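Colleague: only geometry, no sequence info:
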């Protein structure tokens, strides 16, 4: 599967206009050391995050996920961190830990408060069925995190 | 430097009798898949944690630290986690994250509370000047963690 060739997001997708999609693009450009994405449309930059069931199945889950996949997972949780930070005004720190064979844990802390704690598995296949589903997941994580910050503001401020 | 040959801890060191040293030995045995340590005295098992200034200087800090060093760092923070758990009765989860060239972050969470958060650098040289200093560091981390759990028990119980 040549990933660059698979553009699974429509250029007219309204989700591309959202703050989340813009933050994702910003995160992806941040890790694009060689400027490969400079002339790419946003739907092409975000395309690897959207895979059909068949495309997912084609990716083997043997061994540790490669650096490209890892950087994508990081970009996703970095984007959520950045959005938490923007909303609550406190620094949010993401931390990604892979243990073995694509298993791991993604964590976001604000002060001494854990605002997101997700167990990861099959990281090799990290993706979403649609861009809209990806945004839904981000929104869910964001709202849970902000609720926690609101409820435990003392710990979040430590 | 042949590490196995450098036994820097006295067999009579009273620190070896403490709960901390016993927990450290337990952690080291847990990762000793091939039973290499089975017939080793405890002072030999813990010896790699104690290095003189000169011994530390001899270790190059170029590139990523190897698996053996990493497992030692993990053993140290796992031991602290285990002690926190014993003291407060809540599950403590350690997480170690190396970014690049021996820099990283060690974190222990209890519930949604971050009870320890340490920036690591020169992980290649992870060690202490004496066994007693190692125990002091562990005691300090433990007492700060337990104080946090006591103060923010609601978040720690989440």
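Modeller: Perfect, thanks for sending it. Predicted model, so just to flag it, every value in this text is computed and none were measured. Numbers count the residues shown, from 1 in each chain, chains lettered A, B, ... in the order given.

Colleague: Chain A against chain B: which residues are in contact?
Modeller: Residues of chain A found near chain B, taking Cβ under 8 Å from any Cβ of the partner chain as the criterion, are A:95-97, A:105, A:107, A:109, A:111-115, A:117, A:148, A:152, A:154-155. Backbone N, C-alpha and C define where each C-beta goes, glycine included.

Colleague: Pull out the buried members of the residues you listed.
Modeller: Neighbour counting by 16 or more other Cβ atoms under 10 Å in any protein chain shown classes A:95-97, A:105, A:107, A:109, A:111-115, A:117, A:148, A:152, A:155 among the residues of chain A next to chain B as buried.

Colleague: Restricted to strands, list these.
Modeller: In strands, judged by DSSP state E, the following of those are found: A:95, A:96, A:97, A:105, A:107, A:109, A:113, A:114, A:115, A:117.

Colleague: Go ahead and confirm the third one touches residue A:103.
Modeller: The one in question is residue A:97. No. Assessed by Cβ atoms under 8 Å, residue A:97 is found out of contact with residue A:103, at 9.8 Å.

Colleague: Name the helix or strand of chain A that has the lowest mean pLDDT.
Modeller: Lowest by mean pLDDT, DSSP states H and E among the helices and strands of chain A is strand A:92-100, with a mean of 88.

Colleague: Need the worst-confidence member of the ones in strands among the buried ones among the residues of chain A next to chain B.
Modeller: Among these, residue A:97 carries the lowest pLDDT, at 88.

Colleague: For chain A, which segments are assigned as strands?
Modeller: Using DSSP E, the strands found in chain A span residues A:92-100, A:103-110, A:113-120.

Colleague: Show the model's pLDDT score for residue A:56.
Modeller: The confidence metric pLDDT takes the value 89 at residue A:56.

Colleague: and it, how many residues sit next to it?
Modeller: 15 (other Cβ atoms under 10 Å in any protein chain shown).

Colleague: cool, residue A:147 as well?
Modeller: Close neighbours of residue A:147, defined as other Cβ under 10 Å, add up to 11.

Colleague: sorry, back to before: export the ones in strands among the buried ones among the residues of chain A next to chain B to TSV and append columns for distance to residue A:21.
Modeller: Output for those, formatted as TSV (distance: Cβ to Cβ, whole Å):
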residue	distance to residue A:21
A:95	24
A:96	21
A:97	26
A:105	26
A:107	24
A:109	25
A:113	27
A:114	26
A:115	22
A:117	24
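
Colleague: which one among those gets closest to residue B:141?
Modeller: Nearest to residue B:141 among these: residue A:109, at 17.1 Å, using Cβ to Cβ.

Colleague: Please look at the closest one and residue A:91 and confirm they touch.
Modeller: No. Using Cβ under 8 Å, residue A:109 makes no contact with residue A:91, being 9.1 Å away.

Colleague: Could you report the distance from residue A:81 to chain B?
Modeller: Shown here: residue A:81 relative to chain B, a distance of 14 Å by Cβ to the nearest Cβ, to the nearest Å.

Colleague: isn't that residue right up against residue A:93?
Modeller: Yes. Counting by Cβ under 8 Å, residue A:81 does reach residue A:93; the two are 6.9 Å apart.

Colleague: Show me the helices in chain A, by range?
Modeller: With DSSP state H, the ranges of helices along chain A come out as A:19-30, A:42-46, A:53-58, A:67-88, A:131-151, A:153-156.

Colleague: Remind me what the longest one packs against, helices and strands.
Modeller: Contact here means 3 or more Cβ pairs under 8 Å, 6 or more residues apart in numbering or on different chains; DSSP states H and E; on that basis helix A:67-88 packs against helix A:19-30, strand A:92-100, strand A:103-110, strand A:113-120, helix A:131-151.

Colleague: buried ones in the last one?
Modeller: I take that to be helix A:131-151. Within helix A:131-151, the residues that count as buried by 16+ other Cβ under 10 Å are A:131, A:134, A:135, A:138, A:141, A:142, A:145, A:146, A:148, A:149.

Colleague: Would you mind listing where chain A has pLDDT under the threshold?
Modeller: Flagging of chain A using pLDDT under 70 yields the residue ranges A:1-7.

Colleague: repeat that for 50
Modeller: Filtered on pLDDT under 50, chain A yields the residue ranges A:1-5.

Colleague: Next, give phi and psi for residue A:38.
Modeller: Backbone dihedrals for residue A:38, given as degrees, to the nearest 10, come out at phi -50, psi -40.

Colleague: Any figure for the gap between the residue nearest the centre of chain A and chain B?
Modeller: The centre of chain A sits closest to residue A:76, judged by Cα atoms, centre = their mean, with a distance of 1.3 Å. According to Cβ to the nearest Cβ, residue A:76 stands 17 Å off from chain B.
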